[in-house]
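Enquirer: dropping a prediction and its sequence here:
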Amino acid sequence: MDNIFIPGTPKTPEVSFIVEARTLSLSGRSIPENSIEFYSSLIAWTDTLCSSEGFVEVNINLEYFNTSSSKCLMDLLKRIESANVDAQVNWHYEEDDEDMLEAGEDYDAIIDLPFKLIITEG
């Protein structure tokens, strides 16, 4: 299993999924033309990682994401939840970005994983 590094673009997030550290990090904007295509390999990677025991850390630091990306993020987090691994989701948002705070709170209410809502400086 290899690490995944995908540089961010104006439409897709920077992706840094690291096997050894068992961390999944997404940052930037997520408005790809085909969210399912973009996220499918990330979800498959997550399934493989979560098939072994160990702590999994998820860092989400998105400034904006569209509805289809939201569904894909939900799918990714649901896979971690259903794998019954010890995990932590760190949801980063800018202090004045109420939309991203609310999105983090919504995911926290739906997903049964520990969530940390973390204020970042803009």
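Expert: Yep, that arrived. Residues are numbered from 1 along each chain as shown.

Enquirer: so what are the sheet partners of the biggest strand by length in the chain and their directions?
Expert: Longest strand in the chain, counting residues (DSSP state E): strand 56-65. Here strand 56-65 is paired, per DSSP bridges, with strand 23-30 (parallel), strand 87-94 (parallel).

Enquirer: just the terminal-to-terminal distance for stretch 24-43.
Expert: Start-to-end span of stretch 24-43 (Cα to Cα, to the nearest Å) is 11 Å.

Enquirer: figure out how far it is from the centre of its chain.
Expert: Averaging C-alpha positions (Cα atoms, centre = their mean, to the nearest Å) puts stretch 24-43 9 Å from its chain's average.

Enquirer: can you list contacts of the longest strand of the chain?
Expert: Residues outside strand 56-65 that contact it (Cβ atoms under 8 Å, 6 or more residues apart in numbering): 13, 21-31, 49-50, 73, 77, 80, 85-92, 94, 97, 100, 103-104, 113, 120. No exception for glycine: its C-beta is placed from N, CA and C like everyone else's.
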